[in-house]
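Chemist: got a sequence here, can you build the structure:
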Amino acid sequence: MKIVGLTGGIGSGKSTAAKMFADLGVPVYNSDLEAKQLMHTSVSVKEQIASLLGKDAYVNNVLNREYIAEKVFADASLLEQLNNIVHPAVREHFLEWTKKQDAPYVIQESAIIFENKNQDFYDYIILVTAPLEVRINRILKRDNTTREKILSRMNNQWADEKKEKMSDFKLINEDIVNLELKINEIHSILRSLS
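Modeler: Purely as a prediction, here's the structure:
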């Protein structure tokens, strides 16, 4: 079974692409959702986060996402330390998950494959891109945030041009019809390579 990474910057439409692959019967692991789950349920992860960010990281035993985001997106060192807690736990959970799958290939959706130097974990990597303004508008519609906060988060991720050089496939997510056509094409290629 091949392991495929699906990545792209915030607002690029990774989740839309992932859903389309899932609709084709491909097992998809959403790293962001699983990370949030582990940050709520793993005793070890919770203890490490509280130790790093203080007792306010959890309120009534619930992750204080706004507090954490404000701290880590303003401090690259804290973000890196948080990632060094969460990402190994997610990786371990993902590898356990893959053992339960029966498919020619599986997809791990993850925003920061390259930033975390995890590209060697994958047989193939698919990059999802979209124009900057499209991405910003998607996030503004989806999240209760500001343009400045979005740009701050984007600055913590690599530029698409840099990621593109290291990716095997590229999906431009501007319109749903062309996205679906390209996903079907990539799906056929990946099935033939497995």
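Chemist: from here on, contacts and neighbour counts on C-alpha atoms
Modeler: OK.
Chemist: other SSEs contacting the longest helix seen in the chain?
Modeler: Counting by DSSP state H, the longest helix found in the chain is helix 76-98. With contacts taken as 3 or more CA pairs under 8 Å, 6 or more residues apart in numbering; DSSP states H and E, helix 76-98 sits against helix 31-41, helix 43-53, helix 65-72.
Chemist: any idea how far it is from the middle of the chain?
Modeler: 11 Å (CA atoms, centre = their mean, to the nearest Å).
Chemist: got the angle for that helix vs helix 31-41?
Modeler: 100 degrees (axes from the mean of the first three to the mean of the last three CA atoms, to 10 degrees).
Chemist: nearest to Glu96, out of the helices and strands packed on helix 76-98?
Modeler: With CA to CA as the measure, helix 31-41 is the member of the helices and strands packed on helix 76-98 nearest Glu96 (12.5 Å).
Chemist: what residues sit buried inside that closest one?
Modeler: Of the residues in helix 31-41, Ser31, Glu34, Ala35, Leu38, Met39 count as buried by neighbour count, 16 or more other CA atoms under 10 Å.
Chemist: check contacts around the residue with the largest distance to the centre of the chain.
Modeler: Most distant residue from the mean C-alpha position of the chain: Asn60, 27.1 Å away (CA atoms, centre = their mean). Contacts for Asn60 (CA atoms under 8 Å, 6 or more residues apart in numbering) come out as none.
Chemist: any idea how far His40 is from it?
Modeler: 11 Å (CA to CA, to the nearest Å).
Chemist: also Ser192?
Modeler: 39 Å.
Chemist: what does Glu148 give?
Modeler: 28 Å.
Chemist: now swap in Lys71 and tell me
Modeler: The gap separating Lys71 from His40 is 18 Å, by CA to CA.
Chemist: and what of Leu79?
Modeler: In terms of CA to CA, Leu79 sits 18 Å off from His40.
Chemist: same question for Leu95.
Modeler: Leu95 is 20 Å from His40, by CA to CA.
Chemist: same question for Phe169.
Modeler: Applying CA to CA to Phe169 and His40 gives a distance of 33 Å.
Chemist: same question, Arg142
Modeler: 22 Å.
Chemist: low-confidence stretches in this protein?
Modeler: For the chain, no stretch has pLDDT under 70.
Chemist: 80 - rerun?
Modeler: Scanning the chain for pLDDT under 80 picks out 156, 194.
Chemist: doesn't Glu174 make contact with Lys182?
Modeler: No: contact criterion CA atoms under 8 Å: Lys182 and Glu174 do not qualify, at 11.9 Å.
Chemist: ok so Leu171 is a strand residue?
Modeler: Yes: assessed with DSSP: H, G, I helix; E, B strand; the rest coil, Leu171 lies in a strand.
Chemist: determine the three-state secondary structure at the nearest residue to it once chain neighbours are set aside.
Modeler: Nearest-residue entry for Leu171: Val128, 4.7 Å, with adjacent residues in sequence omitted and distances by CA to CA, 6 or more residues apart in numbering. Using three-state DSSP, the structure places Val128 in strand.
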